[in-house]
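>>> Whatever this is, show me its structure:
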Amino acid sequence: MVDLGFTCLDATADRYAAAPTLRFPLRITETGGGSVHAIALRCQIRIEPHRRRYSGAESELLADLFGAPSRWGETLKPLQFAIVSTMVPGFTGATQIDLPVPVTYDLEVAAGKYFAALDDGEIPLLLLFSGTVFVRTPAGFSVEQVPWDRESAHRLPVSVWRELMDRYFPGEGWLRLRTDTLRGLHRFKSAQALATWDDTIEALLARAREAAP
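Here you go, the predicted structure:
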């Protein structure tokens with residue numbers, strides 16, 4: 001029976017992916033003396049927000065997710081970041097692979113909203129592993145499961161996430177709007193002869209500030 005261990009070594013922004021992607025180098029060890037033919041590996045990645053401190057500005061932006069800081073003892077629960085799968089080639093003893101993880105900038109997604117609210121520091125992640133192990137034996141092959149308790153913690157620097165987003169959306173972000181909302185904005189933009197969507201949003205924000213008591 002194989003005895004697998006997983007360690008997340010780092011996280012880097014993929015410079016050549018077609019869409020925003022982080023790469024997590026994983027070291028996989030087998031200490032049971034078996035020969036691994038392949039692993040159909042599945043990894044669930046969770047954000048553990050209770051494992052870091054937040055500035056006042058970050059706390060304000062995180063209110064959408066967790067409410068007021070006075071309630072964070074109850075509301076600061078883990079968030080789902082990603083579930084990804086990959087094939088691990090055969091090895092004996094230990095091997096290292098890169099786990100590619102697509103990243104969204106959609107501020108309607110909890111993970112994207114959480115990342116965008118952070119100024120600096122690190123993002124506490126927990127990688128949970130599962131999957132199927134194919135083991136070479138004298139009689140052929142056997143199939144085993146990755147034990148359910150295999151995991152690895154990692155602290156992703158916020159700077160790595162910002163580097164990734166700046167590579168694909170330099171100095172920008174985006175919002176998903178309902179069609180009728182977008183048409184309403186379009187009518188306002190045309191009526192005010194505004195050149196860009198940034199100008200349109202800024203004009204509406206200025207009106208809101210003027211109307212505020």
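>>> Could I get the phi/psi values of the residue nearest in space to the middle of the chain?
When Cα atoms, centre = their mean is applied to the chain, the residue found nearest the centroid is Phe81 (4.4 Å). Main-chain dihedrals, Phe81, degrees, to the nearest 10: phi -100, psi -50.
>>> so what's Val143 up against?
Contacts were defined as Cβ atoms under 8 Å, 6 or more residues apart in numbering; by that measure Val143 touches Thr132, Val133, Phe134, Val135. C-beta: built from backbone N, CA, C; applies to glycine.
>>> Is it bridged to anything, and to what?
Phe134 (DSSP bridges).
>>> domain ranges for the protein?
Here the domain parsing of the chain from automatic domain parsing is 4-168, 179-211.
>>> how about the last one: buried residues?
Spelled out, it's domain 179-211. Neighbour counts over domain 179-211 (16 or more other Cβ atoms under 10 Å) mark Leu185, Lys189, Leu194, Thr200 as buried.
>>> Could you list the low-pLDDT ranges of this protein?
107-108 (pLDDT under 70).
>>> tell me the most buried of the domains of the chain?
domain 4-168 (a mean of 16; mean count of other Cβ atoms under 10 Å).
>>> ok, and the closest non-adjacent residue to Phe91?
With sequence-adjacent residues excluded and distances taken as Cβ to Cβ, 6 or more residues apart in numbering, Phe91 is closest to Val36, at 5.5 Å.
>>> what's the answer for Ala94, then?
Thr29 (4.5 Å).
>>> Got the phi and psi for that neighbour?
phi -120, psi 150.
>>> So which residues of this protein form strands?
4-8, 12-13, 21-30, 35-47, 79-92, 94-102, 122-137, 140-145, 151-157 (DSSP state E).
>>> Report the distance from the last one to the chain centre.
Strand 151-157 has its average C-alpha position 11 Å from the chain's average C-alpha position, going by Cα atoms, centre = their mean, to the nearest Å.
>>> Adjacent strands (with direction) for it?
So strand 151-157, judged by DSSP bridges, has these partners: strand 122-137 (antiparallel).
>>> Restricting to C-alpha, output the partner strand in CSV.
Extracted C-alpha coordinates of strand 122-137, given in CSV (Å, rounded to 0.1, in the frame of the first residue of the first chain):
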residue,chain,number,x,y,z
GLU,A,122,-0.5,36.8,2.6
ILE,A,123,-3.6,34.8,1.8
PRO,A,124,-3.9,31.6,3.9
LEU,A,125,-4.8,28.6,1.7
LEU,A,126,-5.4,25.0,2.5
LEU,A,127,-4.9,22.4,-0.3
LEU,A,128,-7.0,19.2,0.2
PHE,A,129,-6.0,16.2,-1.9
SER,A,130,-7.9,13.2,-3.2
GLY,A,131,-7.9,11.0,-6.3
THR,A,132,-6.9,7.6,-7.6
VAL,A,133,-3.4,6.0,-7.4
PHE,A,134,-2.3,3.4,-9.9
VAL,A,135,0.4,1.2,-8.4
ARG,A,136,2.7,-1.1,-10.3
THR,A,137,2.9,-4.6,-8.7
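>>> Done for today, thanks.
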